[in-house]
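In: next input, structure requested:
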Amino acid sequence: MDEAGLPGAGVPVSARLLSGGAQNEIYAIERDGERCVLRIPPAAAPTERDKGILREWRIIRALYGSEVPHTRAVAVCADAGVLGRPFYLMGFVDGWSPMDHRNWPAPFDTDLGARAGLGYQLVEGIALLSKVDWRARGLHDLGRPEGFHERQVDRWTSLFERIKGRELDGMDVATAWLRAHRPLDYVPGLMHGDYQFANVMFADGAPARLAAIVDWEMGTVGDPKLDLAWMLEGWPADTSAPEAATASYVNLQGMPSREALAAHYADVSGRQVDDLDYYLILAKWKLAIVLERGYQRAGDNEKLQAFGPLVPTLVRTATDLAETTTYPN
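Out: Numbering: from 1, shown residues only. Down below sits the predicted model:
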């Protein structure tokens, strides 16, 4: 921190663990009134996570001055000799995570009108992200946008064949449909890669305001509309129904409809969403493979075992949508 020119040289540092997992450990750091957050791979994480943490740093630093709600880039350390792994410091965000409030904090717990704003703010975050000039911000080599959709099918089909442990009804149909179809247009842009309520923070109080998009380890330059579909693939058809309260890991009752959120995305991003069905099929199919990989290596892990019955449902809904949607070749 001293070498990076941060304030408080000579003052003791206080550190407090916020969360830890297989991907990253996160600590609140404070020194002389300067509050920030440290993100670092755990000691046992694969070595590729070192590149991932530096990738995250590149993205949040590049977002400085943009309209995208994000954390402030404070400092980075690529030297594993300091803490055992590369790490970076980002600004502390005053606010709350939906993962800490599965039933929503007040007033969003009872005021469904206010709760709807959470959905609109969530989708607005990636709409703004899709507008970022990634070339001008030095992210021209972050991903390979050429052939993005062709590689999606080839890459994830190859992975599925490697981990395949059971037959999944409809997988061949969905895969063939994706090979035969493409988006109506494809405008490369910056994307998050795992966009959902779990990876954002909101400011305290109402009206709803997105404070920061976090967890950028899957960030790349690709097709931003896949972020939209990833967010919406499990969205309830009727958010006014009681079932919407338990359709996800958060209560989605009272949220805007999928159509309303897609329309808001289009208004803010300037991108058409007439081909949303293509992206929904891709998102469901891809998520099924991601979860199947976890299920096939679950062992005694109850969390991964729970993916077992979810995967066939995802594949079946992707296939049903592929077989019923009206979409040009």
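In: buried residues, stretch 120-138. List them.
Out: For stretch 120-138, burial by neighbour count (16 or more other CB atoms under 10 Å) applies to 120-132, 134, 137. C-beta here means a position set from N, CA and C on the backbone, and glycine is covered the same way.
In: with stretch 82-96 instead?
Out: Buried-residue list, stretch 82-96, by 16+ other CB under 10 Å: 85-93, 95-96.
In: which ones among the residues you listed map onto helices?
Out: Among those, no member is found in helices (DSSP state H).
In: tell me the one of the residues you listed nearest Y265?
Out: G95 (22.3 Å; CB to CB).
In: for the closest one, what are phi and psi?
Out: Main-chain dihedrals, G95, degrees, to the nearest 10: phi 160, psi -160.
In: kindly report the same for V221.
Out: According to degrees, to the nearest 10, V221 has phi -100, psi 120.
In: tell me which element the nearest residue to it once chain neighbours are set aside falls in.
Out: Leaving aside its sequence neighbours, V221 sits nearest to G143 (CB to CB, 6 or more residues apart in numbering; 3.6 Å). Using DSSP states H and E, G143 falls within no helix or strand.
In: phi and psi next, for G143.
Out: The phi/psi pair for G143 (degrees, to the nearest 10) is phi -140, psi -170.
In: swap in S257?
Out: Dihedral angles for S257 - degrees, to the nearest 10 - are phi -70, psi 160.
In: which residues touch it?
Out: By CB atoms under 8 Å, 6 or more residues apart in numbering, S257 lies in contact with T239.
In: gap between it and G119?
Out: 9 Å (CB to CB, to the nearest Å).
In: before we move on, what's the pLDDT of the nearest residue to F148 once chain neighbours are set aside?
Out: Spatial nearest neighbour of F148, chain neighbours left out: G222 (4.8 Å); criterion: CB to CB, 6+ apart. We note a pLDDT of 97 for G222 in this prediction.
In: show me the contacts for G222.
Out: 143, 145, 148, 188-189, 191, 193.
In: may I have the beta-bridge partners of it?
Out: For G222, the beta-bridge partners are G189 (DSSP bridges).
In: so where is this protein shaky, pLDDT-wise?
Out: Along the chain, the model assigns pLDDT under 70 to residues 21-22, 101-102, 328-329.
In: all helices of it, in order?
Out: 48-62, 80-83, 112-129, 148-163, 171-180, 225-232, 258-269, 276-296, 302-305, 307-324.
In: what's the closest of the ones you listed to F197?
Out: Nearest to F197 among those is helix 112-129 (6.5 Å), distances taken as CB to CB.
In: show me the chain divided up by domain.
Out: Listed domain ranges for the chain are 14-91, 98-324 (source: automatic domain parsing).
In: could I get the ones you listed as JSON lines with distance to M1?
Out: Listed next are the domains of the chain as JSON lines, based on distance: least, CB to CB, whole Å:
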{"stretch": "domain 14-91", "distance to M1": "7"}
{"stretch": "domain 98-324", "distance to M1": "21"}
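In: burial count for the residue lying closest to P69 once chain neighbours are set aside?
Out: Distances taken as CB to CB, 6+ apart put L210 closest to P69, at 4.6 Å, once the chain neighbours are dropped. For L210, the neighbour count with other CB atoms under 10 Å is 22.
In: thinking again about what came up before, now, among the contacts of G222, which is nearest to T317?
Out: Once CB to CB is applied, the member of these that ends up nearest T317 is G193, at 21.4 Å.
In: correct me, but that closest one touches I213?
Out: No: the pair G193 / I213 is not scored as a contact, 11.0 Å apart, by CB atoms under 8 Å.
In: separation between D169 and T325?
Out: 19 Å.
In: again with L142
Out: Distance from L142 to T325, by CB to CB: 31 Å.
In: also V273?
Out: 14 Å.
In: count the residues that sit near the closest residue in space to L252 that isn't next to it in sequence.
Out: Of all residues beyond its chain neighbours, the one nearest L252 is A244 (4.7 Å), with distances taken as CB to CB, 6+ apart. By other CB under 10 Å, the residues close to A244 number 18.
In: distance of A244 from R144?
Out: Counting by CB to CB, the gap from A244 to R144 is 38 Å.
In: ok, G138 next?
Out: G138 is 16 Å from R144, by CB to CB.
In: E34 now?
Out: 38 Å.
In: which of the two has more neighbours?
Out: Shown here are E34 and R144; by other CB under 10 Å, E34 has more neighbours (17 against 12).
In: quick one: residues contacting the residue nearest to that one when sequence neighbours are not counted.
Out: Nearest non-adjacent residue to E34, counting by CB to CB, 6+ apart: P7, 5.2 Å away. For P7, the contact set (CB under 8 Å, 6+ apart) comprises 31-34.
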